[in-house]
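**Student:** predicted coordinates and the sequence they were generated for:
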Amino acid sequence: MAEPKLRILMVSDFFFPNFGGVENHIYYLSQCLLNLGHKVVVMTHAYGNRTGVRYMTGGLKVYYVPWRPFTMQNTFPTVYGTLPIVRTILKRERITVVHGHQAFSTLCHEALMHARTMGYRVVFTDHSLYGFADVGSIHMNKVLQFTLADIDQAICVSHTSKENTVLRSGLAPGKVFMIPNAVDTAMFKPADVRPSSDDVITIVVISRLVYRKGADLLVEVIPEVCRLYPNVRFVVGGDGPKHVRLEEMREKHSLQDRVEMLGAVPHSRVRYVLVTGGIFLNSSLTEAFCIAILEAASCGLLTVSTRVGGVLPDDMVVLAEPDPDDMVRAIEKAISILPSINPEEMHNRMTKLYSWQDVAKRTEIVYDRALKCSNRSLLERLSRFLSCGAWAGKVFCMVMIIDYLLWRLLQLLQPDDDIEEAPEINFCN
Amino acid sequence: MVSSSLSSKRYTYIHESGSETRRGAIDIHHVIINRSRSTGYARLMGLAFFLVILGVSMYSFIEKDNPVRTLSWSCLLSGFFVVIQSRKLVKKESVIIMPTFGIQIETQYLSGKTVSRFIPIDKILKPMLVECVTPVTCYWSLSLFLRGEEQLTLVFKELRPSLKMLVPIWKALCTVISTDQSEIITEEKHVVSG
């Protein structure tokens, strides 16, 4: 087997068996990078009994490090506690690039800090949008500022997300690449039999019923649309605190036969629910990258959406402001153009526009750019931290100096030669 | 007869086997810690000194009035810990492979004590090389998957030899197990057909 071109370590608290957007992203990106001939290793914390080394499809090696998660699947932050295991993994797998995911992951921040101390190239991907005003966000943004002060390259999943990250962390915009998420178009295919557009038009909504996803907007929009169009019915999938409001709306307007509430829909059943409809409605107030609308477009549905990050081409989506009247107007427009939509053609376009292979190739360019960055000495790196703030800058410098000293101490106690390299295991496809 | 040996900074691996021509000869694999006498005693002294200092500083906070008593208590405690630690110091671990019979795993301590365990050949399902991940490190270990037991049995319980040393032992175990398992299958075929 030829020597891999790059050896990448993906670090995040969020990976399978936990299910979500970040986990999916890491998995699909890793699989495509493996296909391109690179070596990918994933590091995450242990989930219950699942600790140690596991191999996934294609020879993807996953280290489930037995650090206990403490809140929302995040590892307990010890600042220096993960230095020995990160050093061991980086040495034994002969890693060249470390790629951290998600600003909310403590393991990611710690691993990136240790990797920078040891002189590795570091890339960070931010998947979510965060606020600026509440206490949690302020602290999170300071931690992010610390991590990104010394990074080689950063990736954001949409222009909205790039703006948000740059404002929160003070990072130079020239260092941030925009690589949108993709969708598994093989899994999200249109229905074989297209529902006839003469009779009932089905509008599908699948989202968590929370404030941020615009559930309150739905409560205003659904009765109005049902009043204007007697042949429209709604299918609402998902659960959350706003479920009660939607039920009340159904009762008040007697829409039990026109609005179907499915409750929580497992991801494996999402495609089945999507293909029952012709239009997909997304009312999120804010989103870094809305994968749901990509999945809907891949299934051949016309989308009506608020202006969130990650928007489709103009002929596949009707945009609206997060205001009930504007959304009703957008739905009216969508109903009028629905007969001209060809689901198969939409699906084929999505396959070309949004594919994980494309994301992997663009990520490869980011890695190459990161590798070309010059190796900075400790003093140069410390000067970057000083610009983070009057007190914060000095605190960050102290943290990095202690990390550097601890690393040198570890090198004395366990020299680099003592860490045995792991052999390559060939998985014949 | 020593047929091969490997040496690293911490461990030495020695492979003793009987004559090559005789089938069923006993195979012995040793892994010895490279512990020179001086480093061994230096470690003990260092540990003792550290414990004495710890004890004195702890007791000086609690009992300020009687320093002699606190010093003697702390010396006693640290001496006790040193004795306990020295009993755990391993000199050598060995695997004795007796084809068609079983394997014997031995641990020899510095104090002269030897702990051994015999595992009959038909109890072993498979020997395997496993990567063990702890909160601070990751290392290879050779384990046995035994019939009727849920947990894997470690061949080297105290020592952590490198993969280069573990591979020949694992190969020898695999050869012995597969020979035994193929003989069982042949016997069963005879019984069925006969």
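**Tutor:** That came through, no problem.
**Student:** name the nearest residue to A:V270, sequence neighbours excluded.
**Tutor:** Among residues not flanking A:V270 along the chain, A:I206 sits closest, at 6.2 Å (CB to CB, 6 or more residues apart in numbering or on different chains). The way it works is simple: take the backbone N, C-alpha and C, and place the C-beta from them, glycine included.
**Student:** report the beta-bridge partners for the one you found.
**Tutor:** Beta-bridge partners recorded for A:I206 (DSSP bridges): A:G237.
**Student:** helix, strand or coil for whichever residue of the stretch 301-429 of chain A sits closest to chain B?
**Tutor:** Among the residues of the stretch 301-429 of chain A, A:E420 lies closest to chain B, at 5.3 Å counting by CB to the nearest CB. Assigned with DSSP: H, G, I helix; E, B strand; the rest coil, A:E420 falls in the coil class.
**Student:** mind checking how far the nearest residue in space to it that is not next to it in sequence is from B:L6?
**Tutor:** The shortest distance from A:E420 to any non-neighbouring residue, by CB to CB, 6+ apart, is to B:S162 (5.3 Å). Separation of B:S162 from B:L6 (CB to CB, to the nearest Å): 8 Å.
**Student:** more neighbours: these two, which one.
**Tutor:** More neighbours surround B:S162 than the other of B:S162 and B:L6, with 18 against 15 (other CB atoms under 10 Å in any protein chain shown).
**Student:** and the helix-or-strand element of chain A with minimal mean pLDDT, anywhere near chain B?
**Tutor:** Each helix and strand of chain A was given a mean pLDDT (mean pLDDT, DSSP states H and E); the minimum falls on strand A:69-71 at a mean of 81. No. Figure legend: strand A:69-71 not in contact with chain B (CB under 8 Å from any CB of the partner chain); closest approach 12.9 Å.
**Student:** what parts of chain B come near chain A?
**Tutor:** B:9-10, B:130-140, B:162-164.
**Student:** so which of those residues sit within helices?
**Tutor:** B:163-164 (DSSP state H).
**Student:** middle-most residue in chain B, spatially?
**Tutor:** For chain B, the residue nearest the mean C-alpha position is B:F156 (3.3 Å; CA atoms, centre = their mean).
**Student:** that one belongs to a helix, doesn't it?
**Tutor:** No. Using three-state DSSP, the assignment for B:F156 is coil, not a helix.
**Student:** which other residues reach the least confident helix or strand of chain A?
**Tutor:** A:13, A:45, A:47, A:75-76 (CB atoms under 8 Å, 6 or more residues apart in numbering or on different chains).
**Student:** the same query, at a cut-off of 6 Å, please.
**Tutor:** A:45, A:75-76 (CB atoms under 6 Å, 6 or more residues apart in numbering or on different chains).
**Student:** show me how to select, in ChimeraX, the buried members of the residues you listed.
**Tutor:** Restricted to buried positions by 16 or more other CB atoms under 10 Å in any protein chain shown, the ChimeraX selection for the contacts of strand A:69-71 reads:
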select /A:45,75
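**Student:** what about the contacts of strand A:69-71, which are in helices?
**Tutor:** Per DSSP H, these never map to helices.
**Student:** I'd like the contacts of strand A:69-71 as TSV, with distance to A:V236 appended.
**Tutor:** Formatted as TSV, those follow (distance: CB to CB, whole Å):
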residue	distance to A:V236
A:H45	35
A:T75	36
A:F76	38
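**Student:** want to throw the contacts of strand A:69-71 into TSV with pLDDT and distance to chain B?
**Tutor:** Output for those, formatted as TSV (pLDDT from 0 to 100; distance: CB to the nearest CB, whole Å):
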residue	pLDDT	distance to chain B
A:H45	93	10
A:T75	84	10
A:F76	83	11
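**Student:** mind checking which of the contacts of strand A:69-71 are in strands?
**Tutor:** Judged by DSSP state E, the subset of these located in strands is A:45, A:75.
**Student:** of the contacts of strand A:69-71, closest to A:S128?
**Tutor:** Set against A:S128, the nearest of those by CB to CB is A:T75 (18.0 Å).
**Student:** wait, doesn't the closest one sit right on A:S105?
**Tutor:** No. Using CB atoms under 6 Å, A:T75 and A:S105 do not qualify as a contacting pair, with a distance of 7.9 Å.
**Student:** what sits in contact with each of these two?
**Tutor:** A:D13.
**Student:** before we move on, back to that, farthest-separated two in the residues of chain B next to chain A?
**Tutor:** B:P135 and B:K164 (25.6 Å).
**Student:** lowest-pLDDT helix or strand in chain B?
**Tutor:** Across the helices and strands of chain B, mean pLDDT, DSSP H and E gives its lowest value to helix B:37-62, namely a mean of 66.
**Student:** report the next helix or strand after that helix in sequence order.
**Tutor:** helix B:67-87 (DSSP states H and E).
**Student:** ok, of the residues of chain B next to chain A, which come out buried?
**Tutor:** B:133, B:135-140, B:162-163.
**Student:** I'd like those residues as a markdown table, with pLDDT appended.
**Tutor:** Below are those laid out as a markdown table (pLDDT from 0 to 100):
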| residue | pLDDT |
| --- | --- |
| B:V133 | 93 |
| B:P135 | 92 |
| B:V136 | 90 |
| B:T137 | 91 |
| B:C138 | 92 |
| B:Y139 | 92 |
| B:W140 | 93 |
| B:S162 | 90 |
| B:L163 | 91 |
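**Student:** pop the domain breakdown of the chain in here.
**Tutor:** Picked chain A for this. A:7-182+A:357-418, A:201-353 (the TED database).
**Student:** the chain in question should be chain B.
**Tutor:** If you go by the TED database, chain B breaks into B:2-34+B:89-192, B:37-88.
**Student:** output the below-cut-off pLDDT ranges for the stretch 1-150 of chain A.
**Tutor:** A:1-3 (pLDDT under 70).
**Student:** what residues does it put near chain B?
**Tutor:** Proximity of the stretch 1-150 of chain A to chain B, by CB under 6 Å from any CB of the partner chain, involves residues A:52-53, A:65-67, A:84-85, A:88.
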